[in-house]
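Engineer: Sharing a model that was predicted from the sequence below.
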Amino acid sequence: MIGYVTIGTNDLKRSSAFWETLITEIGGNRMMETDSFIAWIGPNGSTGMGLNKPFDGKPATVGNGVMVAFELESPDHVDKMYTRAIELGASCEGPSGPRSDGFYAGYFRDLDGNKCNFYYMNMG
């Protein structure tokens, strides 16, 4: 349903190094880059993510209530990627673990304060 998501940054070089590491570790690839924008596509051409300096030239700010969630294939993978994000400088918004029946997630804020999570859902 969602084609891609973009998040803002005030330091494209620093933030892209953070995201490049995480996205490539979950099977994504960089697909586009300009001096103010970088985009990655998910595994097998799935939903992508963009990182950009705001077009209007104003500072990037965090959206209150906005979160980007990355679906992974197991709770162990969630643990691994959540830990990796923290190692790369993210801040904890809720350590990885079960949240409800069949839903397992780890929440973090990236280097610019954008709220994100890695999650696994097993509804079967």
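Structural biologist: Nice, thanks for sending it over.

Engineer: quick one: contacts for the residue nearest in space to the middle of the chain?
Structural biologist: Compute the mean C-alpha point of the chain, and by C-alpha atoms, centre = their mean the closest residue is residue 116, 5.4 Å away. Applying C-beta atoms under 8 Å, 6 or more residues apart in numbering to residue 116 gives the contacts 67-70, 85, 90, 107-110. (Glycine included, C-beta is placed from N, CA and C.)

Engineer: what about residue 85, how many neighbours?
Structural biologist: 28 (other C-beta atoms under 10 Å).

Engineer: same question, the one 3 residues further on
Structural biologist: The tally of other residues near residue 88 (other C-beta under 10 Å) stands at 15.

Engineer: What separation is there between residue 18 and residue 10?
Structural biologist: Distance, residue 18 to residue 10, using C-beta to C-beta, to the nearest Å: 13 Å.

Engineer: So the two - more neighbours on which side?
Structural biologist: Regarding residue 18 and residue 10, a neighbour count based on other C-beta under 10 Å identifies residue 18 as having more, with 19 against 15.

Engineer: Confirm that one sits in a helix?
Structural biologist: Yes: under DSSP: H, G, I helix; E, B strand; the rest coil, residue 18 sits within a helix.
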